[in-house]
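1. Sequence below, structure please.
(one chain, ligands or ions: 1)
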Amino acid sequence: MTDPVAVMKEEVGKAAAARVQSGTIVGLGTGSTTACAIAAIGDRLKTGDLKDIVGIPTSFQAEVLSKQYGIPLTSLDAVDHIDLAIDGADEVDPQKNLIKGGGAAHTREKVVDYLAAQFIVVVDGGKLVSKLGEKFKVPVEVIPMAITPVMRAIAQLGGEPELRMGVKKAGPVVTDQGNLVVDVHFADIPDPVGLEQTLNNIPGVLENGIFVNCTDLVLIGEIVDGQPKIRQI
Ligand code: 5RP
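-> Modelled structure (predicted):
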């Protein structure tokens, strides 16, 4: 039986890939939904429907997938802009603010997604929330030597920090930059803009997964009457 979430991810990935134009620089996000977009961009390149694009990957995963699907890559040192970035999210609120970092890639994702002239978020319907923090904890990337004071400072802010542990790897998750990730539960996030800044002001924090005022378009994959549909906000 086909997994409906997998169908939604594939459809929304294709819808985002359809918006990529020839001759552009494209930010390539991380996660299972963006992986579908990367595959669909690769398909368009293969058929010749799309030409002369270069990608900026947001993670080791995005880099590996892009190479697998034949997408030429470059780095931020070699370009002066990004036309479009496509990325997933763990939560999307009605203002199109996001929590990201489920794949521990939010630091590079924030650099690339914020630089893009257009930032498209691709999600399945299960990611929509009325308020950030409703279902997902806030990921915070921390340099290893500062992990204890950072976790203490986060607790003083009212958060409940938890060091992210590896799956099929003993010990904590280590990011592409060699840092650690703390997932923080907040009972309420009344001010996402303020919390993003407050967390980043703790010495030892590299970046957190709250993305505010940066999303241009959210493409949402849904199943309506048994059929996959794309809705946009
Ligand atoms: C990685 C991310 C991902 O975009 C986010 O976790 C969504 O992933 P998926 O599409 O697999 O649900 O922020 O750091």
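2. all strands of this structure, in order?
-> Here the chain has its strands, by DSSP state E, at 25-28, 54-57, 82-87, 91-92, 98-99, 116-124, 138-142, 160-163, 180-185, 205-208, 210-211, 217-224, 227-232.
3. Identify the bridge partners of residue 91.
-> residue 99 (DSSP bridges).
4. Out of the strands of the chain, which is the most enclosed?
-> strand 98-99 (a mean of 29; mean count of other C-beta atoms under 10 Å). For every residue, glycine as well, the C-beta is placed using N, CA and C.
5. contacting residues around residue 113?
-> Residues near residue 113 by C-beta atoms under 8 Å, 6 or more residues apart in numbering: 27, 29, 58, 85, 87, 119, 211, 214.
6. Now do the same contact list for the fourth one.
-> Residue 85 makes contact with 26, 27, 28, 29, 56, 112, 113, 115, 116, 118, 119, 120, according to C-beta under 8 Å, 6+ apart.
7. for the third one, same thing?
-> Residue 58 makes contact with 27, 28, 29, 30, 87, 105, 108, 109, 111, 112, 113, according to C-beta under 8 Å, 6+ apart.
8. ok, what's across the strand from the second one?
-> What that stands for is residue 28. Applying DSSP bridges, one finds that residue 28 bridges with residue 57, residue 86.
9. wouldn't it be in contact with residue 57 here?
-> Yes: between residue 28 and residue 57 a contact is recorded at 5.0 Å, counting by C-beta atoms under 8 Å.
10. Spell out which residues are contacts of both of the two.
-> residue 66.
11. Check the burial of the nearest residue to residue 61 once chain neighbours are set aside by counting its neighbours.
-> Nearest residue to residue 61 in three dimensions, chain neighbours excluded: residue 30, at 5.4 Å (C-beta to C-beta, 6 or more residues apart in numbering). If you count neighbours by other C-beta atoms under 10 Å, residue 30 ends up with 29.
12. doesn't residue 86 make contact with residue 30?
-> No: with contact defined as C-beta under 8 Å, residue 30 does not reach residue 86; the gap is 10.6 Å.
13. So, low pLDDT: which residues of the chain?
-> 1 (pLDDT under 70).
14. Show me it divided up by domain.
-> As given by automatic domain parsing, the domain ranges for the chain are 4-129+213-232, 138-208.
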